Each structure stands twice: as structure tokens, then as C-alpha cells.
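Asks: mind looking at a prediction? Sequence and model below.
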Amino acid sequence: MSVAKNGNTVRVHYTGKLTDGQVFDTSQGREALEFTLGQGQMIPGFEKAVEGMAVGDKVTANIPAVEAYGEPSPEMMIELPIENVPPEINPEPGMQLSLHNQDGRSTPVVVKEIKESSIVLDANHPLAGKELVFDIELVEIS
């Protein structure tokens, strides 16, 4: 029986949860997720969990933040003058917004704080700093 190893393209079904059981993503009801092990397409802890599995195997993997989306980075906190916020937006802490850079790409951000003359935005991944739990089933190795 062959097992998943670096360089294999695999297909998995998964459910991702926080440690309190809250589901943040799942492939149930959709096509299985396909990726190539060792290509950096998935968070490191997820790849480690799949490596060595055989088709039909199921595993629950507890992935620490450092092997998931990392710890929140202070460099990803952005403070902008409040006049940069479009007038039709009434920002409040917790609100999700998008910043657009010069080449048109957008970055999702969360409003962290409103100050008298500025707004503080958090561009860290929403799951940064969180331990994740994945239930994974390997359905195909190619």
C-alpha cells in the first residue's frame, strides 16, 4: 500500500476547526482538495499531517499556530489618516475592509481601533496566532 510522500499530488477531504470546535472551513459537500505535497500550497502542519497517510486513512491533526498561519505580526498593523477612509464607510472596530495597492490587488483587513485622526487596521491572516484542528481523510494519491 503506497503512502503520501513529498512530490505526490493528493486529494483530501477535511474539516478545519478552532480548538473550541468552531468550524472555519470544510470540503464536505464539495470536491476534495487537491494539492502537491512539498510545494508549499498548504500550511506546513497540514502537509505534515497528510505525509505518510494511505488512501482511506483518517487523522485528526492539532496544528500549532507556528505551523499554521504563524503568530500575528506587528508589521501587519497599519495606521492610516482617518481622511483616507471613503466617506461612505463608517468604520467600527471588528469591521472587515479591503485595502487596494497600486497594482490593484486587495488585502483584507480588520479595523482594530479608531483614533481621533487615524484608523488602525490589522492585515494579519484571520487565523494568525490560533491553534487549528483538522480532520483529514486521504481520498487519492497520484
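Replies: Perfect, thanks for sending it. Numbers count the residues shown, from 1 in each chain.
Asks: ok, which stretches of the chain are helices?
Replies: 44-50 (DSSP state H).
Asks: lowest-scoring secondary structure element of it by mean pLDDT?
Replies: strand 96-100 (a mean of 90; mean pLDDT, DSSP states H and E).
Asks: can you show me the CA trace of stretch 72-92 as CSV?
Replies: Extracted C-alpha coordinates of stretch 72-92, given in CSV (Å, rounded to 0.1, in the frame of the first residue of the first chain):
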residue,chain,number,x,y,z
PRO,A,72,0.3,37.9,14.4
SER,A,73,3.0,40.3,13.1
PRO,A,74,3.2,43.9,14.4
GLU,A,75,4.3,44.9,10.9
MET,A,76,0.9,43.9,9.6
MET,A,77,-0.8,46.6,11.8
ILE,A,78,-1.4,49.6,9.6
GLU,A,79,-2.2,53.1,10.8
LEU,A,80,-3.7,55.5,8.3
PRO,A,81,-5.1,59.0,8.5
ILE,A,82,-8.8,58.9,9.0
GLU,A,83,-9.4,61.1,6.0
ASN,A,84,-8.2,58.2,3.8
VAL,A,85,-11.4,56.3,4.6
PRO,A,86,-14.0,56.8,2.0
PRO,A,87,-16.9,59.0,3.3
GLU,A,88,-19.5,56.3,2.7
ILE,A,89,-17.7,53.9,5.1
ASN,A,90,-18.4,54.3,8.8
PRO,A,91,-15.6,52.2,10.3
GLU,A,92,-16.1,50.4,13.6
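Asks: average pLDDT for it?
Replies: Per-residue pLDDT over stretch 72-92 has a mean of 94.
Asks: buried sites along that stretch?
Replies: 72, 85 (16 or more other CB atoms under 10 Å). C-betas here are computed from N, CA, C, even on glycine.
Asks: so which residues make contact with it?
Replies: Around stretch 72-92, the neighbours that count as contacts under CB atoms under 8 Å, 6 or more residues apart in numbering are 97, 99, 109, 111-112, 114-124, 128-129.
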